[in-house]
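**Student:** here is my input, please return the structure:
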Amino acid sequence: MRNVKLTLAYEGTDFSGWQVQPDAPTIQGAVTEVLRRVTREEVQLDGAGRTDAGVHARCQVAHFHTGSRLTPREFQHALNSLLPTTIRVMSAEEVAAEFHARHSATAKTYSYRIYRGEVAPPFVARYVLHAPWPLAEGAMSEAARLFEGQHDFSMFSASPGGDEGEGAEDTVRVIYSSLLKREGEELRYTVHGRSFLRYMVRRMVGTLLEVGRSRMTPADIPPLFDLRDRSRGGPTAPAQGLCLESVEYP
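**Tutor:** Numbering: from 1, shown residues only. Below is the predicted model of the structure:
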């Protein structure tokens, strides 16, 4: 059996997330259905992580095993001709048998966009949180850096488990960088880490927004890791501002 790696991009607005769900449109479900039509096999598609409903991806990685003799390029063309235009296969390649989209990953990068202008243009509204109200952006940037390092992020997860489908027993995560910067009319939060808990980035953004509204201060962030109380942080930010930017491999 051959092992084929897909790099996918998708606009998540009209989907109920990555993972297959009964009676709901999902990214994994759509791609798997097309793969089964093309290969006439019961293909199992595994992704690098489980993005939630409404979350986008510039670079999601998945893999599947197949006995088909189609080349990776032919798989790419076949999938893109049959999938909705909101899901695109950016590349396909044959990889070693031991490659696994989730288990082999060494890091991921997510971004979250906050639009600060008075009116959000329609061509960005589906990809940003519109926040035209006053925010202490300097304090938010300072607070963002405090997420860096190894911490117990249990209070920044809205429910048990990880975006990789892990159990709830290990909530310690390593964040390599956590930066919030102003880019024109937007605040862009970019976080790079080994792996993430479910809703973790959106909860972190919600906490940064609380800092921006002066309901919290940067000094309030470090004690949160020890509290492990989900009720003490900020709310979960809306899904549409979040995008999986990249997945890294050795």
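**Student:** now do the contacts for the residue nearest to Pro218 when sequence neighbours are not counted.
**Tutor:** Excluding its sequence neighbours, the residue lying closest to Pro218 (C-beta to C-beta, 6 or more residues apart in numbering) is Ala143, at 4.1 Å. In short, each C-beta sits where N, CA and C put it, glycine included. Ala143 is in contact with Thr207, Leu208, Val211, Met216, Thr217, Pro218, Ile221, counting by C-beta atoms under 8 Å, 6 or more residues apart in numbering.
**Student:** what is the mean pLDDT for the helix or strand where Ala143 lies?
**Tutor:** If you go by DSSP states H and E, Ala143 is part of helix 137-145. For helix 137-145, the mean pLDDT works out to 98.
**Student:** and it, what's buried?
**Tutor:** By neighbour count on 16 or more other C-beta atoms under 10 Å, the buried set for helix 137-145 is Glu137, Ala139, Met140, Ser141, Glu142, Ala143, Ala144.
**Student:** ok, now how distant is the last one from Ala125?
**Tutor:** What it means is Ala144. 24 Å (C-beta to C-beta, to the nearest Å).
**Student:** who's sitting farthest from the centroid in this structure?
**Tutor:** Here the chain reaches farthest from its C-alpha mean at Arg69, the gap being 32.0 Å by C-alpha atoms, centre = their mean.
**Student:** check contacts around it.
**Tutor:** Under the criterion of C-beta under 8 Å, 6+ apart, the contact list for Arg69 is empty.
**Student:** so it: helix, strand or coil?
**Tutor:** coil (DSSP: H, G, I helix; E, B strand; the rest coil).
**Student:** the next helix or strand after the helix holding Ala143 packs against which elements?
**Tutor:** Going down the chain from helix 137-145, the next helix or strand is strand 149-152, by DSSP H and E. Judged by 3 or more C-beta pairs under 8 Å, 6 or more residues apart in numbering; DSSP states H and E, strand 149-152 is in contact with strand 172-183, helix 221-227.
**Student:** save those as CSV, and put in mean neighbour count too.
**Tutor:** Listed next are these as CSV, based on neighbours: other C-beta atoms under 10 Å:
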stretch, mean neighbour count
strand 172-183, 15
helix 221-227, 15
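**Student:** now those as TSV including mean pLDDT and distance to Asn80?
**Tutor:** Below are these laid out as TSV (pLDDT from 0 to 100; distance: least, C-beta to C-beta, whole Å):
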stretch	mean pLDDT	distance to Asn80
strand 172-183	97	30
helix 221-227	91	43
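**Student:** how about these, which one is nearest Asp46?
**Tutor:** strand 172-183 (21.0 Å; C-beta to C-beta).
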